[in-house]
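# Structural data only, the sequence is not supplied:
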C-alpha cells in the first residue's frame, strides 16, 4: 500500500460520525398545589392502612403462636398426666350430676346424666380394649411377617447351598475333533 492510501484511511477514521439529531422533549408539566395536596393525602391514607394491615398480621401471628403453644402444652399435659379428653368429659358430667344433686333438681335429669356417665365409661372401656386388641393384632402380624421372611431367607440359603455348579461341556472346534479322531 502506498502512503497516500494509508493517510486517506487515517483521515477517514478520524472523521467523526454525524451527530444525531436531538429530539425535543416536552417540558414537564408543573403540578398544581391542589394535586400535590391530593397526592399527599392519598399517601398518608395508604401509609395508615398499610400500618393497620401490618398490625393485624402481627396480631394474627401472635394468636396463632399462642394457640400452637397451648396445644403443645395440652399434649404434654395429656402425656404426663395420661389423661384423655373423654376423662375430662366424664369428669364434667360427674360435676354436673353433683351440682344437680345439690340443687335438688329433677330426678329424671339426674338419672339421665348418670346413664350418660355410665355409657361414656363403657364406651371408653370398649375403645381402650379395642385399641389394645388392635395393637396385639398388629404386633402378631409383624411377628408373622418377620418369621415368614426368616423362613424364606433360610429356604433361599438352603437352595443356594444344595445347588452345585453346572459343568460346562467341552466344545472342540472342527479341526480339533478331526485330530482327536485318531486317539479315540
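Here it is on my side, so go on. None of these values were measured; they are calculated from a predicted model.

# centroid residue for the chain?
residue 68 (16.9 Å; CA atoms, centre = their mean).

# just checking, what packs against the one helix or strand residue 157 maps to?
Following DSSP states H and E, one finds residue 157 within helix 107-162. On a contact count with 3 or more CB pairs under 8 Å, 6 or more residues apart in numbering; DSSP states H and E, helix 107-162 meets helix 85-102. Just so you know, the C-beta spots here come from the backbone N, C-alpha and C atoms, and that holds for glycine as well.

# and the helix it packs on, how far out from the chain's middle?
Remark: helix 85-102 is offset 40 Å from the chain centroid, using CA atoms, centre = their mean, to the nearest Å.

# buried ones in it?
Using 16 or more other CB atoms under 10 Å as the test for burial, helix 85-102 gives 90, 93, 97, 100.

# can you put those in CSV and add pLDDT?
Compiled in CSV, the buried residues of helix 85-102 are given as follows (pLDDT from 0 to 100):
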residue, pLDDT
90, 80
93, 83
97, 80
100, 74
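
# what's the angle from the helix holding residue 157 to helix 85-102?
160 degrees (axes from the mean of the first three to the mean of the last three CA atoms, to 10 degrees).
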